[in-house]
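Asker: my questions concern the predicted model and sequence given below.
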Amino acid sequence: MSGQSIGAVQTQRAHFDQPLTLRSGAVLPAYDLVYETYGTLNAAKSNAILVCHALSGHHHLAGYYADAPDNIGWWDNIVGPGRPLDTDRYFIVSVNNLGGCHGSTGPSTINPASGKPWGADFPIVAVIDWVHAQARLADRLGIDCWAAVMGGSLGGMQALRWTITYPERIRHAIVIAAAPKLSAQNIAFNDVARQAILTDPDFHGGHYYEHNTRPTRGLRLARMLGHITYLSDDQMGEKFGRDPKNGAFAFNFGVEFEIESYLRYQGDKFAGYFDANTYLLMTKALDYFDPSREENGDLTATMARSKAGFLIVSFTTDWRFSPARSKEIVAALLANGGDVSYAEIDLNFGHDSFLMRDAHYHSVIGAYLRNIKL
Amino acid sequence: MSPLLNRPDFDVIASWVEPGHKVLDLGCGDGSLLRHLIDSRGVRGWGVEIDDANVLAAIQKGINIIQGNLEKGLDEFADQAFDHVVLSRTLQTVRHTEGILREMLRVGREAVVSFPNFAYWKNLRAVLDGQMPVSEDLPYEWYDSPNVRFFTLLDFESLCRQMNLRIRERRVLDEHGQPVDNEDDKELNFLGSLAVYRLTQPR
């Protein structure tokens, strides 16, 4: 069931002139989206699947670049011929969301009005804004209705939003390791991450590009904190334990334990390539997400607008987006008599489980997709 | 001899549902009953199942399946959301017997329960001969049985009386899935290998 890699892929770019009014009220006069597609859109245009990325993701979902064979897509293990997102069967679309830092219009791209990077002037974007932008890309690609929209974490929230905002344009949603809204605890984690960035002396109010610097210390801390919440306690214990890294303790503030080494490495790596303003925007999009607000907090009434079939997936060890949060979505769908399946996958990788290659998990996704009529 | 291949209680249950009815099947296994009810009776179906392999099999069959543990109740389901809530050959594996029956009648208008009858004469004879029964409807050895509750038709009916549940209909089947009937409930208790009940709760 492992299938094959899709192989070498190419990034495409689409420019949009039509202004986009955002949830905040701000207007983005024009913007670019970078995206990748894999497989072939069938004649009926009924085999298109949109895969939405999470906080640190982007459009490079699968495969590699001919000139950069080590740059493998972030969810490559599930996409390709014979894999659950079978490129022999489906036409798969992956977009870098607005506000991102991988080519779509965002804080680090040039604001045509000023000729300088947007920086802190880039408006706050919400999940619904991404969904509207994705819908325009779908128009451009000739896709009236997705066979499925799917994603994990913040990506799952986009799939959920699609079913509410464009019920006629989505037949199925696969919502993995997500929640109908963040808890106060989740917002708290995000705000500590943001404070790390905002208080970095190199942040310069978000206009650090002009100062030829980057708030890497803050971004590194934000990522270290996030990383702790994406893993499970058990897995961290098993993987890193608490034995002295160098055989004996040095009794100083250097790296004494494996977990310190791991987190610092992950923090440094992330701060080396990710944009701090994008990180701020992505965490805000998470915090503001709560489609039930449109129905005075009633998620059942909100989901009544959806016409899609749902597969909801959670992971037993995910405490950042726990199974109980996925079950809130399941309950709202059931209360409307909707078509929904729910799988609770026993994987030991916490929130990050959704990216892991696991035979049962991938079989569930693959089996659900197989039953979608094309 | 797999107990899953030959399920005479499926036909009884199919005769009690109507097209368009909403059916919830608890402990639905691989979704075979729901698939049967959807295809032959045109119902809308959902299942609850704890086992990973069964959840996958049900998804493969295109069944709405909710992974969960019946012993923890049915919190995801709203009151009176279903026309029928089915518990097919599962009651004897559930510890919280009264709890699950109450939950079934909270989320559904009607509970449909089938279970193996431990008072079936062949089962009693096996015990008299000195060994625990193994039969079509009790296909397990004592050491690998998932069953945790051992009860008879008469036991079940006295629990229903105690819980103030109304028995709307009862079908009793022999080992070969053939209906058996007898005016005397005690006789029937000896003749039936599998019992299927429709229960409601007076409101």
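Answerer: Cool, the structure landed.
Asker: against residue A:59, how distant is residue A:136?
Answerer: 15 Å (C-beta to C-beta, to the nearest Å). The C-beta positions use only the backbone N, C-alpha and C, and glycine is treated the same way.
Asker: the two: who's more crowded?
Answerer: Each of residue A:136 and residue A:59 has its neighbours counted (other C-beta atoms under 10 Å in any protein chain shown); residue A:59 has more, 26 against 15.
Asker: A helix includes that one, no?
Answerer: No - under DSSP: H, G, I helix; E, B strand; the rest coil, residue A:59 falls outside any helix and is assigned coil.
Asker: contacting residues around it?
Answerer: By C-beta atoms under 8 Å, 6 or more residues apart in numbering or on different chains, the residues touching residue A:59 are A:11, A:34, A:35, A:36, A:53, A:94, A:95, A:96, A:102, A:103, A:104.
Asker: redo that, cut-off 7 Å
Answerer: A:11, A:34, A:35, A:36, A:94, A:95, A:96, A:102 (C-beta atoms under 7 Å, 6 or more residues apart in numbering or on different chains).
Asker: go on, residue A:221?
Answerer: Per C-beta under 7 Å, 6+ apart, neighbours of residue A:221: A:196, A:267.
Asker: what of residue B:193?
Answerer: B:116, B:117, B:120, B:135, B:136, B:137, B:173, B:174, B:175.
Asker: could you measure from the residue nearest to the spatial centre of chain B over to chain A?
Answerer: The residue lying closest to the centre of chain B (C-alpha atoms, centre = their mean) is residue B:88, at 2.3 Å. Distance of residue B:88 to chain A, computed by C-beta to the nearest C-beta, to the nearest Å: 19 Å.
Asker: which residue is the nearest non-sequential neighbour of that residue?
Answerer: residue B:114 (5.0 Å; C-beta to C-beta, 6 or more residues apart in numbering or on different chains).
Asker: surely that neighbour is within a strand?
Answerer: Yes - applying three-state DSSP, one finds residue B:114 inside a strand.
Asker: pLDDT value on it, please?
Answerer: Looking at residue B:114, its pLDDT is 96.
Asker: how about the one 3 residues further on?
Answerer: The model reports residue B:117 with a pLDDT of 96.
Asker: do residue A:374 as well
Answerer: 92.
Asker: show residues contacting stretch B:74-86.
Answerer: With C-beta under 7 Å, 6+ apart as the criterion, stretch B:74-86 contacts A:327, A:330-331, A:334-335, B:13, B:17, B:21-26, B:33, B:66, B:103-104, B:106-112.
Asker: tell me which residues in that stretch are buried?
Answerer: If you call a residue buried by 16 or more other C-beta atoms under 10 Å in any protein chain shown, then stretch B:74-86 has these buried ones: B:74, B:76, B:77, B:78, B:81, B:82, B:83, B:84, B:85, B:86.
Asker: restrict that stretch to CA atoms and write it as PDB.
Answerer: Coordinates of each C-alpha in stretch B:74-86 appear next as PDB, following Å, rounded to 0.1, in the frame of the first residue of the first chain:
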ATOM      1  CA  LEU B  74     -23.500   7.700  23.400                       C
ATOM      2  CA  ASP B  75     -22.600  11.400  24.100                       C
ATOM      3  CA  GLU B  76     -22.200  12.300  20.500                       C
ATOM      4  CA  PHE B  77     -25.800  11.400  19.800                       C
ATOM      5  CA  ALA B  78     -28.700  13.700  20.400                       C
ATOM      6  CA  ASP B  79     -32.000  12.600  22.100                       C
ATOM      7  CA  GLN B  80     -34.400  10.800  19.900                       C
ATOM      8  CA  ALA B  81     -32.200  11.200  16.800                       C
ATOM      9  CA  PHE B  82     -32.900   7.800  15.400                       C
ATOM     10  CA  ASP B  83     -36.000   5.700  14.500                       C
ATOM     11  CA  HIS B  84     -34.200   2.400  15.500                       C
ATOM     12  CA  VAL B  85     -31.100   1.800  17.600                       C
ATOM     13  CA  VAL B  86     -29.800  -1.700  17.000                       C
END
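Asker: how far off centre is it?
Answerer: 16 Å (C-alpha atoms, centre = their mean, to the nearest Å).
Asker: same question for stretch A:174-194.
Answerer: Using C-alpha atoms, centre = their mean, the offset of stretch A:174-194 from its chain centre is 12 Å.
Asker: list just the nearest of the contacts of residue A:59 to chain B.
Answerer: residue A:94 (24.0 Å; C-beta to the nearest C-beta).
Asker: in TSV, list the contacts of residue B:193 along with neighbour count.
Answerer: TSV is the format used below for the contacts of residue B:193 (neighbours: other C-beta atoms under 10 Å in any protein chain shown):
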residue	neighbour count
B:116	24
B:117	26
B:120	28
B:135	17
B:136	19
B:137	26
B:173	23
B:174	18
B:175	17
